[in-house]
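1. model this:
(2 chains, ligands or ions: 1)
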Amino acid sequence: MTFDLFEKFDPILNDYNSLPKGAGNPFTVSMEQVLSPTTAIINGRETILAGTNNYMGMTFNQECMDAAQEALLTLGTGTTGSRMLNGTYNSHKKLEDTLREFYDTKHAIVFSTGYQANLGIIATLAGPKDYVVIDADSHASIYDGCAMGNATVVRFKHNDAHNLDKKLARIRKNDPQAGILVVLEGVYSMLGDQAPLKELTRISKAHNAFVLVDEAHSIGVFGETGRGVAQEQGVEDQIDFIVGTFSKSVGTIGGYCVSNNPKFEVLRLVCRPYIFTASLPPSVVASATKALELIANSNLRAKLLSNSRRLNNGLSQAGFEMGTTGESPIAAIIIAEQNTAITFWGEMIKEGVYVNLALPPATPKKLNLMRCSLSAAHSLEQIDFMLEKFILVGTKLGLLQDMPKRVLA
Amino acid sequence: MYMTQTVDEIFEQICKIIAPFNKKNIPITKDSLFSVDLELDSLNVMDILSEIEDEFDITVPLNMLPDMETVGQFAETVKQLLSEQ
Ligand SMILES: Cc1ncc(COP(=O)(O)O)c(C=O)c1O
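-> As a prediction, this is how the structure comes out:
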């Protein structure tokens, strides 16, 4: 026995302490200056940002910055209140109106982060007698929403419609009246694969389940007007709740849930992660509102996906083992050894490219990933620079030995 | 078809399901702890749970996982769930 609350973390601390010190440590890096959506000064050198979620390059959009600045100067730095008490300004309502318009839904609720949106919606909707059925590869915020609520939690194999059907059928057999919430993601962020929403929603509806789709990585990126994968796959009318975030393509912070359910607004009275936290500051609300308007009418989606295909194809042709296919803005290579992955990351940052090191348990199938998220703001030169550095480091670390010379030349 | 099975029979079944995850072929007993003895992390255990659900045609809520640290406890839980059907 021990009284030390920290003892349980000793194995993690040991791993952490064995990481390279200084510039090569992926968990201590910071940006000295941010120059643009795709470049920053890190360790004193100009570095390409290849791992942000700045899909649309919105963080430095002039109209968004102007809107944020005006709100800052007229409404102040923060609301110091929750949405329920003091913290709802007209601009929060306007942001919700903008979301309703963007999604063409009857209702929209804005949260302070996407993480809290998932916590709030999942934990509140699914009560003690209900079931939440989640994809095995769900984001931490979905797992945590399940842990926070009192529903029975069941997990189905990633993107496996047949397995979902089995799990739902079993629940229905024992509990014909149960409320069931099926939680899916439009794009799974680690490997960038889309959910087959048509199949999964058809099965969910056949068992009278509600469907929630988290479009965190797909808002702005997919669909005719950027609503996400549900729009892209033409199944929006089958989906009861869409959750999303402003922290990626929208370029700021905040989360939301939209729905056509006639009783949806009651959530404002019962959803604790909505009530017991401060509302978004006015500048954030203003830039999110502007960015949504821009995204709906933007032609940057094609550019973003063509950027992603360029990097994915380049990495694949160079002979890396690929985790992604280029169907989303994510480009990730798989590295067998964790230590090699950590070294790879350190070499890349020294070469002036900041990618994401993604390790288990955050990754599916225990993969070690060097993961890039592309931006529509990346230039072709920047992508080719990333590629050149990937090949340089990959060759140095012996990951590309069997490569045909013509690719390396 | 599993309704009349004993805990021992269920345990044997579960061992078969665990086998592919047990990369080092560590001998499994009812007291084997998933985390310590079998060196399996929580994701492995969730995957095993999912296969057990499909094998025995039952729902084992994820919420029950914290109370199931050993293979034997898994078998007991399955027996219990089968008898409730
Ligand atoms: C699928 C998914 N849902 C929710 C979130 C949380 O978003 P936020 O950054 O707004 O908390 C993320 C972000 O990492 C995500 O990937």
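
2. And the residue of chain B closest to the ligand?
-> Shortest chain B-to-the ligand distance, computed as C-beta to the nearest ligand atom: residue-wise this is B:L43, at 17.1 Å. The way it works is simple: take the backbone N, C-alpha and C, and place the C-beta from them, glycine included.

3. Which helix or strand contains that residue?
-> Here B:L43, judged by DSSP states H and E, is contained in helix B:42-56.

4. List the contacts of whichever residue of the stretch 251-400 of chain A sits closest to chain B.
-> Ranked by C-beta to the nearest C-beta, the top residue of the stretch 251-400 of chain A for proximity to chain B is A:P361, at 5.7 Å. Under the criterion of C-beta atoms under 8 Å, 6 or more residues apart in numbering or on different chains, the contact partners of A:P361 comprise B:41-43.

5. and with 10 Å instead?
-> If you count contacts by C-beta atoms under 10 Å, 6 or more residues apart in numbering or on different chains, A:P361 has them with A:140, B:41-43.

6. What of A:V213?
-> The contact partners of A:V213, by C-beta under 10 Å, 6+ apart, come to A:182-186, A:195, A:197, A:200-201, A:228-230, A:235-236, A:238-244.

7. where's it, which helix or strand?
-> Secondary structure here is read from DSSP H and E; on that basis A:V213 sits in strand A:210-214.

8. Tell me the helix or strand right after that strand.
-> Scanning forward in sequence from strand A:210-214 by DSSP H and E, the next helix or strand is helix A:229-232.

9. Taking their axis directions, the helix or strand following that following helix and strand A:210-214 sit at what angle?
-> Per DSSP H and E, helix A:229-232 leads on to strand A:241-245 as the next helix or strand towards the C-terminus. With axes from the mean of the first three to the mean of the last three C-alpha atoms, to 10 degrees defining the directions, strand A:241-245 sits at 20 degrees from strand A:210-214.

10. Read off the pLDDT value for the residue nearest the centre of chain B.
-> In chain B, the C-alpha closest to the average C-alpha coordinate belongs to B:F74, at a distance of 4.1 Å (C-alpha atoms, centre = their mean). The per-residue pLDDT reported for B:F74 equals 93.

11. Go ahead and confirm it touches B:L38.
-> No. Assessed by C-beta atoms under 10 Å, B:F74 is found out of contact with B:L38, at 11.4 Å.

12. what sits in contact with each of those two?
-> Going by C-beta under 10 Å, 6+ apart, residues that sit against B:F74 and also against B:L38 are B:18, B:32, B:45, B:48.

13. got a list of what the nearest residue to the second one once chain neighbours are set aside touches?
-> It stands for B:S32. Take B:S32 and drop its neighbours on the chain: the residue closest to it by C-beta to C-beta, 6 or more residues apart in numbering or on different chains is B:V71, 4.9 Å away. When contacts are counted by C-beta under 10 Å, 6+ apart, B:V71 is found next to B:11, B:14-15, B:18, B:28-34, B:37-38, B:48.

14. Tell me, how many residues neighbour residue 35?
-> No chain in the question, so chain A it is. The number of residues packed around A:L35, counting by other C-beta atoms under 10 Å in any protein chain shown, is 13.

15. Can you look at chain B instead?
-> With other C-beta under 10 Å as criterion, B:S35 counts 13.

16. So for it, what's the pLDDT?
-> Spelled out, the predicted local distance difference test score at B:S35 is 87.

17. what do you get for A:A362?
-> Per-residue confidence for A:A362 comes out at a pLDDT of 87.

18. Check the spacing between it and A:D15 real quick.
-> Between A:A362 and A:D15 the distance, using C-beta to C-beta, to the nearest Å, works out to 14 Å.

19. These two: which is more packed in?
-> Looking at A:A362 and A:D15 with other C-beta under 10 Å, you find the greater number of neighbours at A:A362, namely 15 against 11.

20. For the closest residue to the more buried one other than its chain neighbours, what is the enclosing helix or strand?
-> Among residues not flanking A:A362 along the chain, A:M190 sits closest, at 7.1 Å (C-beta to C-beta, 6+ apart). A:M190 is part of no helix or strand when elements are defined by DSSP H and E.

21. Now the phi/psi pair for A:M190, please.
-> Geometry field for A:M190 lists phi and psi as phi -70, psi -50, criterion degrees, to the nearest 10.

22. Verify the stated contact: it with A:R371.
-> Yes. At 7.0 Å, A:M190 counts as touching A:R371 under the criterion of C-beta under 10 Å.

23. So which of the two has more stuff around it?
-> In terms of neighbours (other C-beta under 10 Å), A:R371 is the more surrounded of A:M190 and A:R371; the figures are 25 against 22.

24. who does that one bridge with?
-> A:A332, A:N356 (DSSP bridges).

25. If you average the pLDDT over the helix or strand A:I295 falls within, what comes out?
-> A:I295 belongs to helix A:282-296 when assigned by DSSP H and E. What helix A:282-296 shows for mean pLDDT is 97.

26. Show me which of the contacts of A:P361 are buried.
-> B:L43 (16 or more other C-beta atoms under 10 Å in any protein chain shown).

27. Taking the contacts of A:P361 together, which two end up most distant?
-> Comparing every pair within the contacts of A:P361 by C-beta to C-beta identifies A:A140 and B:D41 as the most remote, at 14.9 Å.

28. Longest helix of chain A, counting residues only.
-> When secondary structure is assigned using DSSP state H, the longest helix within chain A turns out to be helix A:300-318.

29. and that one, how far out from the chain's middle?
-> The chain centre lies 19 Å from the centre of helix A:300-318; the measure is C-alpha atoms, centre = their mean, to the nearest Å.

30. Tell me the buried residues in it?
-> The neighbour-count criterion (16+ other C-beta under 10 Å) identifies A:300-301, A:303-305, A:307-312, A:314-316, A:318 as the buried residues of helix A:300-318.

31. Can you give me the pLDDT of the residue of chain A found nearest the ligand?
-> Nearest residue of chain A to the ligand (C-beta to the nearest ligand atom) works out as A:G114 at 2.7 Å. On the pLDDT scale, A:G114 is placed at 98.
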